[in-house]
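Undergrad: Structure for the following, please:
(2 chains)
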Protein chains: 2
Amino acid sequence: MILTIAYDGSAYAGWQMQVGVVTVQQRIEEALAKLFLSTPRLHSSSRTDTGVHARGMKAHFDVPKAEFRMLPQKLVLAINAHLPEDIRINGARKAKSGFHARFSAIGKQYRYFVWNHPSADPLLRRQTWHVPRALDLTAMRTAARTLVGHHDFRAFSATPGYERENTVRHLTRCDVLRSGALLTFRIEADGFLYKMCRGIVGTLVQVGFERFRPDEILPMLESQDRSVAGMTAPAQGLVLWRVYYKASNRLQTTALMTM
Amino acid sequence: MILTIAYDGSAYAGWQMQVGVVTVQQRIEEALAKLFLSTPRLHSSSRTDTGVHARGMKAHFDVPKAEFRMLPQKLVLAINAHLPEDIRINGARKAKSGFHARFSAIGKQYRYFVWNHPSADPLLRRQTWHVPRALDLTAMRTAARTLVGHHDFRAFSATPGYERENTVRHLTRCDVLRSGALLTFRIEADGFLYKMCRGIVGTLVQVGFERFRPDEILPMLESQDRSVAGMTAPAQGLVLWRVYYKASNRLQTTALMTM
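TA: I've put the predicted structure just below:
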């Protein structure tokens, strides 16, 4: 069974189960434990950090066939009834055999929200990074275009442990929309390194401050050195927006309408 | 001095000062009391109810000239420094003599947000009314158009005390935008009766449920009877969006960029 999950990450120590703190995975597994005799283990597409949100997180779990008599529509309602209001299952569908929420994913989209106004926005305060200074949006967009393509993103990622890994990713979209004071960064790739999105946004905002020029982005990528690229944007502006799979993974249409 | 104020109303018993509960007006007057020798009294354009939000609330206050040496820009930062993060001053400008935030207002826009999806949205849960059932948007829009114009809105308002008052208002806009699961109602008038916006939205949503037909709206207005119109939508979806004044009230441009 594959779930589509939305959550306000403000109150959680991220997605992944950890001892001594409350996580989103833990809350959902607790809800599942109330519905099944076994305690299903959730396998997610991504592991979001403390304070990061999601609208389209995917996670799958296996249950013994004997236990499974509920339609996906009913399952969504049943799980939600056992969840706190800052976590919601938006959809469920049966998984094809061999499907894995993480390893079958072919791409992901994150969105990052910046509130660019001298005063913070009280209604969006937990979902935006408040940037009071004026930003050069044209320079930011030029820099964002430079990032699109196949690149080694090591310089934009929090690095420990990447020494022997392939850190090349294919960034398929990186743009910035403005609507009043609200900036929306849309960042799409075949995969993301740890804190890569926040490294990209932090650096682009510093381009907006004229701390970096757009033509400094390519040398940053080439340096493969975290200390050369810009700052890491704070967690609360980041939302895991969507996870992409091959259409062939679909066994049936989603149980609930999707956005 | 005129302030533009935004707040998340979730934690407050509305705008207006009351004994025994915490209100938005109280929090801002407390902040002002830290900046001036006198305790300035705030006069607002509107009195929002418990749980209702604002992006463009206006309020004015008078201070003795001798006390007032701060530029509006500085004043905004100084007040915000003494406010909780769910209330923010977005702008300040000097008021023309005789200006009154309430009596000089010539119109207001409210917005109401509905999350129309089987599952609630965790990120917008405090700012939307969750309506899980499908809605007939075409019928809602037809009904909304019927409401525009000069009408007696007594049937759409919580009524005590209106018996001898003029309850005719000029509704200049009433439309519904859809973006994915998010519906935005934009309701603009020269003035609003108590709970009138929420009565309009509740009734339009019931039109969407086919509980009422669009051609029943006009007879509702004509009935002047609250029990004939539809339900009152819950508070948390409502935002006081903007208050309009004659340009002649402007002594100077706003201190901060506005949305």
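Undergrad: Please enumerate the strands of the stretch 51-200 of chain A.
TA: Assigned by DSSP state E, counting those that start in this stretch, the stretch 51-200 of chain A shows strands spanning A:53-60, A:87-93, A:105-115, A:129-130, A:149-152, A:168-179, A:182-189.
Undergrad: Domains in chain A, by residue range?
TA: Dividing chain A into domains by automatic domain parsing, as the record does, gives the ranges A:2-103, A:106-241.
Undergrad: Include distance to B:Arg69 when you put the ones you listed into JSON lines, please.
TA: For the C-beta atoms, the positions are set from N, CA and C on the backbone; glycine is no exception. As requested, these are arranged in JSON lines below (distance: least, C-beta to C-beta, whole Å):
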{"stretch": "domain A:2-103", "distance to B:Arg69": "39"}
{"stretch": "domain A:106-241", "distance to B:Arg69": "21"}
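Undergrad: Can you say which of those domains is nearest to B:Glu216?
TA: domain A:2-103 (32.2 Å; C-beta to C-beta).
Undergrad: and that closest one, how far out from the chain's middle?
TA: Once both centres are worked out by C-alpha atoms, centre = their mean, to the nearest Å, domain A:2-103 turns out to sit 15 Å from its chain's centre.
Undergrad: Near chain B, which residues of chain A? Just list them.
TA: With C-beta under 8 Å from any C-beta of the partner chain as the criterion, chain A comes near chain B at residues A:6-8, A:53, A:55, A:76, A:80, A:85-91, A:117-123, A:125, A:127, A:180-181, A:239, A:256-257, A:259.
Undergrad: Buried ones only from the residues you listed, please, as a ChimeraX command.
TA: Command for ChimeraX that selects the buried part of the residues of chain A next to chain B, burial taken from 16 or more other C-beta atoms under 10 Å in any protein chain shown:
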select /A:6,7,8,53,55,76,80,86,87,88,89,90,91,117,118,119,120,121,122,123,125,127,181,239,256,259
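Undergrad: The nearest residue to A:Gly230 once chain neighbours are set aside: what secondary structure?
TA: Nearest residue to A:Gly230, sequence neighbours excluded (C-beta to C-beta, 6 or more residues apart in numbering or on different chains): A:Thr203, at 3.2 Å. Remark: A:Thr203 carries the secondary structure label helix [criterion: DSSP: H, G, I helix; E, B strand; the rest coil].
Undergrad: hang on, isn't A:Thr203 packed against A:Met220?
TA: Yes. Under the criterion of C-beta atoms under 8 Å, A:Thr203 makes contact with A:Met220 at 7.1 Å.
Undergrad: Name the residues contacting each of the two.
TA: Shared contacts of A:Thr203 and A:Met220, defined by C-beta atoms under 8 Å, 6 or more residues apart in numbering or on different chains, comprise A:Phe156, A:Phe212, A:Ala229, A:Gly230.
Undergrad: ok so, going back, what's the pLDDT at the residue nearest to A:Gly230?
TA: Reported pLDDT at A:Thr203 in the predicted model: 98.
Undergrad: Could you check how far it is from chain B?
TA: According to C-beta to the nearest C-beta, to the nearest Å, A:Thr203 stands 25 Å off from chain B.
Undergrad: how deep is that residue tucked in, by neighbour count?
TA: A:Thr203 is surrounded by 27 other residues when neighbours are defined as other C-beta atoms under 10 Å in any protein chain shown.
Undergrad: residues in contact with it?
TA: Each residue near A:Thr203 by C-beta under 8 Å, 6+ apart is listed here: A:Ala143, A:Phe156, A:Phe212, A:Ile217, A:Met220, A:Ala229, A:Gly230, A:Met231.
Undergrad: Columns secondary structure and pLDDT on top of those residues, output as JSON lines?
TA: Listed next are the contacts of A:Thr203 as JSON lines, based on DSSP: H, G, I helix; E, B strand; the rest coil; pLDDT from 0 to 100:
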{"residue": "A:Ala143", "secondary structure": "helix", "pLDDT": "98"}
{"residue": "A:Phe156", "secondary structure": "helix", "pLDDT": "95"}
{"residue": "A:Phe212", "secondary structure": "coil", "pLDDT": "98"}
{"residue": "A:Ile217", "secondary structure": "helix", "pLDDT": "97"}
{"residue": "A:Met220", "secondary structure": "helix", "pLDDT": "96"}
{"residue": "A:Ala229", "secondary structure": "coil", "pLDDT": "93"}
{"residue": "A:Gly230", "secondary structure": "coil", "pLDDT": "94"}
{"residue": "A:Met231", "secondary structure": "coil", "pLDDT": "96"}
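Undergrad: among the residues you listed, which ones are buried?
TA: Among the contacts of A:Thr203, those buried by neighbour count (16+ other C-beta under 10 Å) are A:Ala143, A:Phe156, A:Phe212, A:Ile217, A:Met220, A:Ala229, A:Gly230.
Undergrad: Among those residues, which one sits closest to chain B?
TA: Within those, proximity to chain B (C-beta to the nearest C-beta) peaks at A:Ala143, which comes in at 23.4 Å.
Undergrad: still on that earlier bit, closest to B:Val22 out of the buried ones among the contacts of A:Thr203?
TA: Taking C-beta to C-beta as the measure, A:Gly230 is the one of these closest to B:Val22, at 40.4 Å.
Undergrad: which residues of chain A fall in helices?
TA: Here chain A has its helices, by DSSP state H, at A:24-33, A:72-81, A:137-147, A:196-208, A:217-223.
Undergrad: out of those, deepest packed?
TA: helix A:196-208 (a mean of 25; mean count of other C-beta atoms under 10 Å in any protein chain shown).
Undergrad: Now tell me which helix or strand of chain A has the poorest mean pLDDT.
TA: helix A:72-81 (a mean of 91; mean pLDDT, DSSP states H and E).
Undergrad: That one vs helix A:24-33, what angle?
TA: Between the direction of helix A:72-81 and that of helix A:24-33, the angle (axes from the mean of the first three to the mean of the last three C-alpha atoms, to 10 degrees) works out to 120 degrees.
Undergrad: what's helix A:72-81 packed up against?
TA: Using 3 or more C-beta pairs under 8 Å, 6 or more residues apart in numbering or on different chains; DSSP states H and E as the contact criterion, the elements in contact with helix A:72-81 are helix A:24-33, strand A:87-93.
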